[in-house]
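Asker: Attaching a predicted model along with its sequence, questions to come.
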Amino acid sequence: MAEQSIVRTEDLKKIYKMGSTEVEALSGVNLEIQAGEYLSIMGPSGSGKTTLFNMVGGLDKPTSGKVYIDEVDVAQLDAYELAWLRCRKIGYIFQTFNLLPVMTALENVTLPMTFAGMSSDEARDKGVALLTRVGLGDRILHKPSELSGGQQQRVAVARAMANDPAIILADEPTGNLDLTTGREIIELLRELNEESGVTIISATHDMKMLSVSDRVVWIRDGKIERIERREDIEISVGTIRGKDE
Amino acid sequence: MQDKVVRDRTRAKIEKQIVLPLSKAVQISLESLRMRFGRSLVTMSGIVLAIAFLMSIWTSNAIIEELRDSGDSRIELLLQTKGIETSAEDVKAARSKQTWLISLSLLVCGVGITNAMLMAVTERYREIGTMKCLGALDSFVAKLFLLESSFQGATASIAGTVIGFLLSLVASWISFRGAVIQYFPGIKILTFAGLAVLIGSVLSIVGAVFPAIKAAKMQPVEAMRIER
Ligand SMILES: Nc1ncnc2c1ncn2[C@@H]1O[C@H](COP(=O)(O)OP(=O)(O)O)[C@@H](O)[C@H]1O
Ligand SMILES: [Mg+2]
């Protein structure tokens, strides 16, 4: 293996038990993601995207199978190492933005830096730089309630980049945004991916994501249906959306 | 074997998350209280009432005791006409009834605090989950809620103490006028005030222990939950 994968899953299974009924949300997912990739996980609602994310992001434990991040088995980590992983190695972006409502945009961005032990001065400078980078240099002291959805998601992108993570996990980042705003967020993610080499893994059922992705993983009923590379995607997108392209 | 070597080499890349100084938690919980001030006021009102009740009883007890011990015959007469027990036995009986009432009001207050903090934790599931995704340790989340409750408790207790003292002072003034000032048990009342604030604050911390544990145990996946 020449290139080391940054994320690797081995026969990943997740079964949710609700009383007597069982839902198999993931049924044996094998996935390898290279560092620096922009990967989209496509699938209809309920196909298991969020579940896969939670496993890859160290937020939930699989029923069976393994997740390796940088070849480290996530199941082997203790609570302090998991917190470190979530803080430093992975940046999360949510469909619902999830900014802390009592904090300003800047405080939201600097919070992960605080958790990482950075001094307040250093964190403030870096936070301002990140917010400027995402186009909100003039909004740093605004509260989330004073920002539009698209602006809130930009703050969330800046926050995800706070500790220079190796991976950004974005679960339906455009799910609560209109078409244009969603497109802008996707392009922002793509730019960050190119600038800093951060691996982007994005779950979506938004076709806009296709054009920026290096690879697209199609998932259905908890299984990988197929994986397409960028070259193949452009052809199929061309045919699907022949009219409006 | 091969697998083990790979793991050991890369395992070193993952470090342990540091424990933040308490000052950071203080800062964040104060900000959170400031932003949700209206909400806090409701929670605090229960504590204010309970502590005001406690303090007013303590204050009037202290004042009457001081008057009784004054040895002033005019005051003794005044006490008798007001129907205030002077025999040791009567005083003892009245005291135990008061203790019972005070304990009951503090208990109700404690339950109220637990209830309010549980609601705050349930309401903020997404925030707690998000903080955990950003690298917050369980202990940090617990500290946030304990601090929030203790600040609320301390503020409310101070307010309750002042209110209880003033009410009791006014009531005593109406009954005994200048005698209250002449024989004012300053040191005693100051001690009681300190004790009342302490009781209110400790009660707020104890009442928040269970909610804080609940918050600390919340899973980071809660951040992903979408209300439908
Ligand atoms: N916490 C849970 N408890 C029970 N079932 C769940 C839970 N989370 C997800 N599921 C089920 O698992 C399946 C996959 O869900 P999810 O991963 O959220 O899909 P997606 O993100 O692609 O919409 C769905 O059938 C869903 O109902
Ligand atoms: Mg989902």
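Answerer: Yes, it's here. Ligands and ions are numbered 1, 2, ... in the order given.
Asker: When you work out contacts or count neighbours from here on, use the C-alpha atoms and nothing else.
Answerer: Will do.
Asker: Around chain B, pick out the residues from chain A.
Answerer: Taking C-alpha under 8 Å from any C-alpha of the partner chain as the contact definition, chain A meets chain B at A:50, A:54, A:59-60, A:70-73, A:79-88, A:91-92, A:94-96, A:98-100, A:102-103, A:111-112, A:115-117.
Asker: now those residues: which count as buried?
Answerer: For those, a burial check counting by 16 or more other C-alpha atoms under 10 Å in any protein chain shown picks out A:50, A:54, A:59-60, A:70-73, A:80-88, A:91-92, A:94-96, A:98-100, A:102-103, A:111-112, A:115-116.
Asker: From the residues of chain A next to chain B, which land in helices?
Answerer: For those, the ones inside helices are A:50, A:54, A:79-84, A:111-112, A:115, with DSSP state H as the criterion.
Asker: Per-residue pLDDT of the spatially most central residue of chain A, please?
Answerer: Nearest to the geometric centre of chain A sits residue A:169, at 1.7 Å (C-alpha atoms, centre = their mean). Among the per-residue scores, residue A:169 holds a pLDDT of 96.
Asker: Next, it: secondary structure please.
Answerer: In terms of secondary structure, residue A:169 is strand; the call rests on DSSP: H, G, I helix; E, B strand; the rest coil.
Asker: other SSEs contacting the helix or strand hosting residue A:107?
Answerer: Using DSSP states H and E, residue A:107 sits within helix A:105-115. Taking 3 or more C-alpha pairs under 8 Å, 6 or more residues apart in numbering or on different chains; DSSP states H and E as the contact definition, the neighbouring helices and strands of helix A:105-115 are helix A:120-133, helix A:149-160.
Asker: again, only using 10 Å
Answerer: Using 3 or more C-alpha pairs under 10 Å, 6 or more residues apart in numbering or on different chains; DSSP states H and E as the contact criterion, the elements in contact with helix A:105-115 are helix A:120-133, helix A:149-160, helix B:22-35, helix B:125-133.
Asker: looking at those, which has the lowest confidence?
Answerer: What stands lowest among the helices and strands packed on helix A:105-115, in mean pLDDT terms, is helix B:22-35, with a mean of 89.
Asker: ok, and for that helix, which residues are buried?
Answerer: Along helix B:22-35, the positions that meet the burial threshold by neighbour count (16+ other C-alpha under 10 Å) are B:25-26, B:28-30, B:32-33.
Asker: in the chain, which ranges drop under the pLDDT threshold?
Answerer: Just going to use chain A. A:1-3, A:209, A:233-245 (pLDDT under 70).
Asker: could you do chain B instead?
Answerer: Chain B contains residues with pLDDT under 70 at B:1-12, B:85-86, B:227-228.
Asker: So which residues of it form helices?
Answerer: B:2-11, B:22-35, B:37-68, B:73-81, B:88-123, B:125-133, B:138-176, B:178-182, B:186-217.
Asker: near chain A at all, the second one?
Answerer: I take that to be helix B:22-35. Yes - in terms of C-alpha under 10 Å from any C-alpha of the partner chain, part of helix B:22-35 sits within range of chain A, namely B:24, B:28-29, B:31-35.
Asker: which residues touch that helix?
Answerer: Where contact means C-alpha atoms under 10 Å, 6 or more residues apart in numbering or on different chains, the residues beyond helix B:22-35 that reach it are A:100-103, A:107, A:111, A:114-115, B:36-37, B:39-41, B:140-149, B:151-152.
Asker: Please indicate which of these are buried?
Answerer: Buried subset of those (neighbour count, 16+ other C-alpha under 10 Å): A:100, A:102-103, A:107, A:111, A:114-115, B:40, B:140-149, B:151-152.
Asker: counting contacts, what elements does the longest helix anywhere in chain A pack onto?
Answerer: With DSSP H applied, the helix covering the greatest number of residues in chain A is identified as helix A:179-196. Applying 3+ C-alpha pairs under 10 Å, 6+ apart, one finds that helix A:179-196 makes contact with strand A:38-42, helix A:149-160, strand A:167-171, strand A:199-204.
Asker: Which one of these lies nearest to residue A:4?
Answerer: Using C-alpha to C-alpha as the criterion, the shortest distance between residue A:4 and those is 12.9 Å, found for strand A:199-204.
Asker: now the closest one: how far from the chain's centre is it?
Answerer: The chain centre lies 5 Å from the centre of strand A:199-204; the measure is C-alpha atoms, centre = their mean, to the nearest Å.
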